[in-house]
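1. Here you go, sequence then predicted model.
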Amino acid sequence: MKLYKFRSLENLEFTLDILLNQRLYCASYASLNDPLEGLFYTTFRSNKENRNLRRYKNVEQLPNLDSNHKVCSLSKNLSDIRMWSHYGAGHTGVAIEIDFSSKQKDLTKVEYNIGLRKYGDGALKEFEAMDILSHKTKHWKHEQEYRVIQANDYYSIDGFVTAVYFGLRTSDRHKDIIKKSMQRDVTFHDTRLDRKNIKVRAKNA
């Protein structure tokens, strides 16, 4: 299975770190762009109001949390215009293709729900941070996200980068720097806009 890491080139050194050092940076879940990241809720009965009320919590409040959980987000969706706009700096960045065929056990597929997940207080001890961090609201469904969730800052992808896709507006200067920096068997692809289907495609596809 091939997944994609979208990157802006405004801070080119971060993208080159992925390509040259063959590693992905894993960030604290609290620093991710979804303000609902890591949140869930339980319910309790309020005798005073005679109804069930919600109590919102985050993964830090799980009773069995025994390590920091850091996240690297990847996408199965190379063609969505929004992905290139949001994570590829308005189509001026790149999408790095990584072949996870032999590393799928390290991936967590994100499931999308209508709202935040509900857990009963008595069942919290049965769940782990991995379970909470693998669910998001349906607003993010287009991302088709997979995650590497671990305690370490970096995840090795040594030998698994297979291609780099340049955005519709990636500058020739940035293309040249990236191509000359790579010494591995990696292919490079320009992209084009498929106006009929409203998708981003590889230029030769």
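-> Sure, I can see it.
2. going forward, measure contacts between C-alpha atoms and count neighbours the same way
-> Noted.
3. Nearest residue to the middle of the protein?
-> Among the residues of the chain, the one closest to the centroid is S73, at 1.8 Å (Cα atoms, centre = their mean).
4. Just the element for that residue, please.
-> Secondary structure assignment for S73, by DSSP states H and E: strand 70-75.
5. Next secondary structure after that strand?
-> Defined by DSSP H and E, the subsequent element after strand 70-75 is helix 81-87.
6. Quick one: mean pLDDT for that following helix?
-> Here helix 81-87 scores 97 as its mean pLDDT.
7. returning to that earlier point: counting by contacts, list what the strand holding S73 packs against.
-> Applying 3 or more Cα pairs under 8 Å, 6 or more residues apart in numbering; DSSP states H and E, one finds that strand 70-75 makes contact with strand 2-7, strand 27-28, strand 145-150.
8. Quick one: closest of the ones you listed to I96.
-> With Cα to Cα as the criterion, I96 lies closest to strand 2-7 of these, at 5.0 Å.
9. Against which helices or strands is that closest one packed?
-> Using 3+ Cα pairs under 8 Å, 6+ apart as the contact test, the elements touching strand 2-7 are strand 70-75, helix 81-87, strand 94-99.
10. okay, the ones you listed in CSV with distance to Y56 next?
-> Output for those, formatted as CSV (distance: least, Cα to Cα, whole Å):
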stretch, distance to Y56
strand 70-75, 21
helix 81-87, 28
strand 94-99, 35
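11. which of the helices and strands packed on strand 70-75 has the lowest average pLDDT?
-> Here the lowest mean pLDDT among the helices and strands packed on strand 70-75 goes to strand 27-28, at a mean of 90.
12. any low-confidence regions in the protein?
-> 45-50, 63-67, 120-127, 205 (pLDDT under 70).
13. residue ranges of the helices in it, please?
-> For the chain, the helices defined by DSSP state H cover 12-21, 81-87, 129-133, 172-181.
14. Can you tell me which of those helices is nearest to K141?
-> Smallest distance to K141 across the helices of the chain (Cα to Cα): 11.3 Å, for helix 81-87.
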